[in-house]
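[1] I would like the atomic coordinates for the input below:
(chains A, B, C and D)
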There are 2 protein chains.
Amino acid sequence: MSIVQRRTTIKDVAEAAGVGVATVSRVLSGGSASPETRERVLAAAARLDYRPSALGRNLRQQRTGGIGLLVPDITDSFYARLTDGVLSCARSYGEPVTIGVTGDDPEREAELIGTLIEQSMDRVIAVPSGDGEMWAPALRAGLNVVFADRKVRADVPGVVADDRAGVGIAVEYLAGLGHRKIAFLARYGQSQRVAAFTDTLTSLGVPVDPELVVHARASRDSAYATAAGLLQSRPDLTAVLTGGNILGEAMVLAARELGVRIPRDVSLIMFDDVPWAELCSPPLTVIAQPAQDVGYRAAELVLRQGRRPRTVTLPTELIVRASCGPRR
Amino acid sequence: MSIVQRRTTIKDVAEAAGVGVATVSRVLSGGSASPETRERVLAAAARLDYRPSALGRNLRQQRTGGIGLLVPDITDSFYARLTDGVLSCARSYGEPVTIGVTGDDPEREAELIGTLIEQSMDRVIAVPSGDGEMWAPALRAGLNVVFADRKVRADVPGVVADDRAGVGIAVEYLAGLGHRKIAFLARYGQSQRVAAFTDTLTSLGVPVDPELVVHARASRDSAYATAAGLLQSRPDLTAVLTGGNILGEAMVLAARELGVRIPRDVSLIMFDDVPWAELCSPPLTVIAQPAQDVGYRAAELVLRQGRRPRTVTLPTELIVRASCGPRR
DNA sequence: GATGCTCATGGAAACGATTCCATCATGGTT
DNA sequence: AACCATGATGGAATCGTTTCCATGAGCATC
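    Numbering: from 1, shown residues only, chains lettered A, B, ... in the order given. Have a look, this model is predicted:
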């Protein structure tokens, strides 16, 4: 019962078919061979249930098939959906995906890059933390990298959601409801979204109050603390925009805890549409991002070689539910 | 700039240190060597930034390090947290994790097992779909498998939550509130939980109505359709237990759509505690499962070899919020 | 001084695939 | 009949590592 049988190798198939190993390899990888030989080899391979070893092939070809995927946090619905998109595309190419979570920590990210290089992974999709400087050696080593969700280096192709447009529409919507004191609860590293936020405010003639832009670290705890701190220190604000679903969750929780009613006391718009946004009380108005598509397109980009660095921007959409009201 | 430098190999290090490759290998993997040689080799390796190729090693050693992980759906918060647990444990061992989603489809699962075998993965954690028969060849091939969340084969060690106890406490709680017509909205394959459900009912002297146990497929669509169908066909029910968070989400949505008020019209308990359960209106009473721990323990089990098949059962907990009330 | 033991060391085989290259048969052309 | 082009085929090299085994040096013992 615990007798482990040796793996069937190409040599076994060659022997069974009465041909050389080179011929087997050619037949199986679509090279030229006479019809009868082809048939004999195929029959032998099927009979022995032969599966070529990816190890042998990869070593010879000097490249590991497969994709490395680095995300900050797999329990965050956004990255889970992004991952799902990557997996979905990779599956259609038959490529395995190796995943790592960085926790938004550049040091851990560098460590994971090292592991990927050891595995001879030559294709990586990453949501980079920090400024992406630790990618320089990997790029020099010929690694094929695509960034997802965040664009931090010009020399690496990327797939991002159009957060500039999303933030713009959301802020205009809030301003249209009469709000002037609008806060932005951001995660560190969301400079793009913050910039879009202040730009839109100034273009609408609303003065920018730097104290209304606050930053949290990636964890739920930090998000909650920052949200609560914002609500307490600035009771005059009337609307909040959060830079992600974890931050939105924290804001709803903090508001409830502090007796701040949504949308009566403050209006809330959350970046990223998640299934529970509709179940929330009140249902949350959100900026939807095509998380799955971001992952899928990134995988396409990294699998289809030979493109030069380019950035793909995917559309965002404001979905109005019930978490925003007129200025009180 | 686009000059790709060749990978530094053990041969380069050997040359730089003026020793043979065998010595380098020995030094780097902790074998015996004279102190001065050791130092020379270490210095050369550091200077050249040498990283041993996992490919070469794995081929020689006939085993791929790393863990394969097969889950039904990575966007399901439960499996995302389970995955996080696996990754967390694997990281402390420095092992990469290759992930695949089965969509709860045995065929796709079999396909993914094939991919893992091609990669010479010898350690796999899986949430099996179906009865796990497709694992037989893999087990014969010496694959080291651990099942998580579901136990379907006696010859494979597993880590599961104590759903029997969880369902028991939940049903007792509902019965204590006076409910007699309690429905169970399950996913196909949750026979364990269904059995616990009916067992508990009979032990409480509540007659079991087979029509009140309904099954949905794994998708959100199927979950919603089944939930809505249940509410419409059985307006006499007063409480519902759902077998997972996707099903709970669907039930809340369907109830809202059909004007069924929770907990006024029907009480609801959901299996699995998720962050949004607290944000929901009303906040949901749930059976919490240690999803992360399930993954972590499974990874421990698969990484620490040499244990004989055994099942680890982790505790569940009823968390009372506001989705249950007395029988109307 | 010869023998035996320990220890460091390096050459070479092995892992399983792909691929270069030489060989050989076949068939068509001169 | 001699020659060349074409195509199928298999042997052998190769990828980077680990590990077996032989070699040789150093040292102690008889």
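[2] for the helix-or-strand element of chain A with minimal mean pLDDT, which positions count as buried?
    Lowest mean confidence among the helices and strands of chain A (mean pLDDT, DSSP states H and E): helix A:136-140, at a mean of 88. If you call a residue buried by 16 or more other Cβ atoms under 10 Å in any protein chain shown, then helix A:136-140 has these buried ones: A:138-139. For glycine as for every other residue, the C-beta is placed from the backbone atoms N, C-alpha and C.
[3] any idea how far that helix is from the chain center?
    21 Å (Cα atoms, centre = their mean, to the nearest Å).
[4] list the helices and strands it packs on?
    For helix A:136-140, the elements it packs on are helix A:106-118, judged by 3 or more Cβ pairs under 8 Å, 6 or more residues apart in numbering or on different chains; DSSP states H and E.
[5] let me know the average pLDDT across the very next helix or strand once past the helix it packs on.
    Once the chain leaves helix A:106-118, the next helix or strand it forms, by DSSP states H and E, is strand A:123-126. Average pLDDT, strand A:123-126: 96.
[6] alpha carbons of strand A:123-126, as PDB, please.
    Taking C-alpha atoms only, strand A:123-126 is exported to PDB below (Å, rounded to 0.1, in the frame of the first residue of the first chain):
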ATOM      1  CA  ARG A 123       6.900  35.800 -15.000                       C
ATOM      2  CA  VAL A 124       5.600  37.800 -12.100                       C
ATOM      3  CA  ILE A 125       2.500  39.900 -11.400                       C
ATOM      4  CA  ALA A 126       2.800  42.100  -8.400                       C
END
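[7] the domain parsing of chain A - what is it?
    Recorded structural domains for chain A (assignment: automatic domain parsing) are A:10-52, A:67-161+A:292-314, A:163-289.
[8] among the ones you listed, which comes closest to residue B:226?
    With Cβ to Cβ as the measure, domain A:163-289 is the member of the domains of chain A nearest residue B:226 (16.6 Å).
[9] what about the strands in the stretch 1-150 of chain A?
    A:67-71, A:97-101, A:123-126, A:144-148 (DSSP state E, counting those that start in this stretch).
[10] could you dump the ones you listed to CSV with mean neighbour count and distance to residue A:212?
    Putting these into CSV (neighbours: other Cβ atoms under 10 Å in any protein chain shown; distance: least, Cβ to Cβ, whole Å) gives the following:
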stretch, mean neighbour count, distance to residue A:212
strand A:67-71, 26, 29
strand A:97-101, 24, 31
strand A:123-126, 28, 31
strand A:144-148, 25, 29
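[11] shaky segments in chain A?
    Across chain A, residues meeting the criterion (pLDDT under 70) sit at A:1-5, A:306-309.
[12] how about the residues of the stretch 51-200 of chain A near DNA strand D?
    Residues of the stretch 51-200 of chain A found near DNA strand D (Cβ under 7 Å from any atom of the strand) are A:56, A:59-60, A:62.
[13] returning to that earlier point: got TSV for the strands of the stretch 1-150 of chain A, with distance to residue A:138 too?
    Output for the strands of the stretch 1-150 of chain A, formatted as TSV (distance: least, Cβ to Cβ, whole Å):
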stretch	distance to residue A:138
strand A:67-71	10
strand A:97-101	13
strand A:123-126	8
strand A:144-148	7
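[14] nearest to residue B:115, of those?
    Set against residue B:115 and scored by Cβ to Cβ, the strands of the stretch 1-150 of chain A come closest in strand A:97-101, at 10.2 Å.
[15] pairing partners for that closest one, with directions?
    Strand A:97-101 pairs in its sheet with strand A:67-71 (parallel), strand B:97-101 (antiparallel), by DSSP bridges.
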